[in-house]
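Peer 1: no sequence on this one, just coordinates:
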């Protein structure tokens, strides 16, 4: 099968690192803290100074609590279960999104650049993201939250194979 031939449409084989759950939970905690600060601000404005309408006095904490439950208790686990990736001899596959699902296939022959990035939280959790850049209008495809050493091996392998294909074409 050539590198440009249609690949089978199926879910990619590999899950992200389990450490991604900790990273997403931490992001949920940080987001909840921002919501909590906003909720606190609602209570700091006195009623006689044009304070919030009474419904905000009970709605703001309820919304903050609901956000916390979803962002900390549900979203990290769901995202871990639905985000998948795979590199085959012909392509890089990703399946992302927990509300809107995006299935992406990048043929090895279309790869122009492969980068490994590590954000601050990713560094704390030993994770990295592999970014595969193509000339496509879709731009860069990212394989999020792999163990840092796995990400580096994947990036090195993809770069080497893309270079071999370019050499064969010339």
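Peer 2: Okay, I see it. Note that this is a predicted model, so its numbers are computed, not measured. Numbers count the residues shown, from 1 in each chain.

Peer 1: tell me the secondary structure for the residue sitting nearest the centre point of the chain?
Peer 2: Closest to where the C-alpha atoms of the chain average out (CA atoms, centre = their mean) is residue 144, at 4.8 Å. Secondary structure of residue 144, reduced to three states by DSSP: H, G, I helix; E, B strand; the rest coil: strand.

Peer 1: give the contact list for it.
Peer 2: Taking CB atoms under 8 Å, 6 or more residues apart in numbering as the contact definition, residue 144 lies against 16, 20, 83, 96, 129. Glycine gets a C-beta too; all of them are placed from N, C-alpha and C.

Peer 1: what do you get for residue 11?
Peer 2: Here residue 11 is in contact with 84, 95 (CB under 8 Å, 6+ apart).

Peer 1: and it, how far from residue 158?
Peer 2: Look at residue 11 and residue 158: by CB to CB, to the nearest Å, they are 20 Å apart.

Peer 1: ok, back up a step: buried among the contacts of residue 144? Make that a PyMOL selection.
Peer 2: The PyMOL command for the buried members of those (criterion: 16 or more other CB atoms under 10 Å) is given here:
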select buried, resi 16+20+83+96+129
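
Peer 1: hmm, which of the contacts of residue 144 is lowest in pLDDT?
Peer 2: Within the contacts of residue 144, pLDDT reaches its minimum at residue 96, with 90.

Peer 1: thinking again about what came up before, check the gap between the residue nearest to the centre of the chain and residue 87 for me.
Peer 2: Residue 144 is 14 Å from residue 87, where distance means CB to CB.

Peer 1: cool, thanks, signing off.
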